[in-house]
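*Asks:* predicted structure and sequence below. I'll ask about it afterward.
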Amino acid sequence: MDLFPGFGPLLLTVKLATITTLILLIIGTPIAWWLSTTRLRIKPLIETIVALPIVLPPTVMGFYLLILLSPQGTVGNWWLEMTGETLTFNFTGLVIASVLYSFPFVVQPLQSAFESVGRDLMEAAHTLGARPLDAFFSIAMPLAKRGFLTATVLGFAHTLGEFGVVLMVGGNIPGETRVISIAIYDHVEMLEYGKAHMLSAILLGFAFLAMLLMYTVNHKQAYKP
Amino acid sequence: MSNAGHCSIKLQRKEFAIDVEFNIPSRGVLGIFGHSGSGKTTLLRCLAGLEKHTQGQIEFNGKTWLSDSHSLSSQARNIGYIFQEDRLFPHLSVQDNIEYGSKRCTANKPISLDSKDLFELLNIAHLLNRKPQKLSGGEKQRVALARALLKNPQIMLLDEPLASLDKKHKQEILPFLSRLHRELSIPMLYVSHSMEEVSLLCDHIMVIEQGRIQFDGRLHDALVSPESPLAKADDAAAVLDGIVAKQEKGFQLSTIQTANGNNIVVPGKTEIGQQVRVRIQASNISLCKTAISDSSILNIIEGTISAIVDQCGSHVLLQINSRNDLLLARITQKSYQHLELGVGQTIYMQIKAVSLHST
């Protein structure tokens, strides 16, 4: 299994980022759509809550999550009763923390993409016989595809690099919560610079390629409607 | 004219409240005329179910679209809506745009339109594989028309479909609309602030101001009767309907005969037997007490002054009845007094053929 020393954390990180991004796309899409269409006065409040993880220190978020998810916390206690498992220091808890941590990076690009689709074309679709959900999938989604690409890349890449929240909520359990950034930190602590170099280079390379892909595709589409 | 529906609509806006009640004709074009900001677009959106807070009652073809307890969604109202902008879907080809509606409305009863004939009529058959971004403004609006018509709506709602187009493209689409009007068996509601469009297309007209109906009646009456606000407009004009009775190909002139037996020469080579409407502006008619025979003016029509519509400043606007066709003539106060004119007086109208527009 262990092809090279960093393979375990790498695989775990990719698994975490994939699951997190999928969950975020599923729950983030309706929230972004709602934010892009609502005229309710509480919209700025919801937008603020969505954006909080951008400015909040990860340790602060991790601290509150730790309290919430621990067996004594509301959510952690409920989960323990339902499943018999704890949410802190395991993979499920890590997924929940990552979803919250990367939330704005998925919701915001989707929201602005939906806003640029606008109401006009949706109205046209309705007058042509399309129900709301039908119009969403046939008009809004295809027209917001750049937003979906951006949201996917940012959500995935941001989850890959998380450290503070993971450390607080997940700790450092190999195969369970020891993600790549934690592994790098460990290697540096133990002065294993070679291993730290290798893992860091993988992250750097991936981040670069992901961003390059995103900007290339978006740039191309901007000039070829 | 029989009615297909009735509506009474109320909607509070910031600037004013829409508060109207009117009948929807079973066929023909009902023009909704008003200045920008008068609420005519909002009224059309209420009918289409696009304004959430609309109150009142709408009945159409035996169905309740709106009542106190219930509002039918836009997609269930079976309408064809043409917006001011084309609103074509940019990610779909022209063909897919057109099929978007027809695919979703397969249950609708066809309004006897064949897609091939319509593409031909609208001259868009060669555009089907293109993306909307590659079309001109006029082409886009024609595609939007095809898209709305091929979903087989029971009513067409058109919101200033020509407003965003330049004059050349307008002249391209106006004839299509007037042909559709003659060939379709469904009613059309046509919102516009252009007197010319309204008078060339509509059978009935509603004048809207500040969200309320100022005038509702036959177009011919609305244009010439002293009670109507349209008759007092600067570009007041009457329209006559007729069929082409004679053609002078060498001179590129056609003679149109109205149902009441008046003959009017207009420029153009329209086929004999075709229905046309001529718009005659009040300021293009001059009056004589005797018939002149050596004039360059081709149209000299006898009539009787039937009403004084407006008298302000240096102008007098007269309604003139010729064999029950009503026309408007605007002359100066000076000529009016000099010729000693008055209601009941027999008069000869001179109308320059080159000043006339017909569809």
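*Replies:* Great, that's in hand. No experiment lies behind these values; they were computed from the predicted model shown. Numbers count the residues shown, from 1 in each chain, chains lettered A, B, ... in the order given.

*Asks:* and the stretch 101-250 of chain B, which residues reach chain A?
*Replies:* For the stretch 101-250 of chain B, the residues found near chain A under the criterion Cβ under 8 Å from any Cβ of the partner chain are B:101, B:104-105, B:131, B:133, B:147-148, B:151. (Glycine included, C-beta is placed from N, CA and C.)

*Asks:* could you redo the last one with a cut-off of 7 Å?
*Replies:* Listed as neighbours of chain A in the stretch 101-250 of chain B under the rule Cβ under 7 Å from any Cβ of the partner chain: B:101, B:104-105, B:133, B:147, B:151.

*Asks:* mind giving me the PyMOL select for those residues, buried ones only?
*Replies:* If you want just the buried ones from these in PyMOL, going by 16 or more other Cβ atoms under 10 Å in any protein chain shown, the selection is:
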select buried, chain B and resi 101+104+105+147+151
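
*Asks:* do a quick rundown of the strands in the stretch 51-200 of chain B.
*Replies:* B:55-60, B:63-66, B:79-82, B:155-159, B:187-192 (DSSP state E, counting those that start in this stretch).

*Asks:* ok, chain A next?
*Replies:* In chain A, no strands are defined using DSSP state E.

*Asks:* what's the most distant pair in the residues of the stretch 101-250 of chain B next to chain A?
*Replies:* The two members of those with the most space between them (Cβ to Cβ) are B:105 and B:133, at 25.7 Å.

*Asks:* residue A:209: which of the residues of the stretch 101-250 of chain B next to chain A is nearest?
*Replies:* The closest of these, once distances to residue A:209 are taken by Cβ to Cβ, is residue B:133, at 31.3 Å.

*Asks:* can you give me the helices for the chain?
*Replies:* Picking chain A for this. A:7-37, A:43-55, A:58-69, A:74-83, A:91-127, A:132-135, A:141-143, A:145-160, A:164-169, A:180-189, A:193-223 (DSSP state H).

*Asks:* sorry, should have said chain B
*Replies:* B:40-48, B:94-104, B:115-122, B:137-149, B:167-183, B:195-201, B:219-224, B:333-338.

*Asks:* how about those helices in JSON lines, adding distance to residue B:4 and mean pLDDT?
*Replies:* Formatted as JSON lines, these follow (distance: least, Cβ to Cβ, whole Å; pLDDT from 0 to 100):
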{"stretch": "helix B:40-48", "distance to residue B:4": "12", "mean pLDDT": "94"}
{"stretch": "helix B:94-104", "distance to residue B:4": "21", "mean pLDDT": "94"}
{"stretch": "helix B:115-122", "distance to residue B:4": "22", "mean pLDDT": "86"}
{"stretch": "helix B:137-149", "distance to residue B:4": "17", "mean pLDDT": "92"}
{"stretch": "helix B:167-183", "distance to residue B:4": "15", "mean pLDDT": "81"}
{"stretch": "helix B:195-201", "distance to residue B:4": "18", "mean pLDDT": "88"}
{"stretch": "helix B:219-224", "distance to residue B:4": "18", "mean pLDDT": "90"}
{"stretch": "helix B:333-338", "distance to residue B:4": "45", "mean pLDDT": "92"}
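
*Asks:* ok, and the closest non-adjacent residue to whatever residue of the stretch 151-300 of chain B ends up closest to chain A?
*Replies:* Relative to chain A, the nearest point of the stretch 151-300 of chain B is residue B:151 (5.9 Å; Cβ to the nearest Cβ). Using Cβ to Cβ, 6 or more residues apart in numbering or on different chains and skipping residues adjacent in sequence, the residue nearest residue B:151 is residue B:101, 3.4 Å away.
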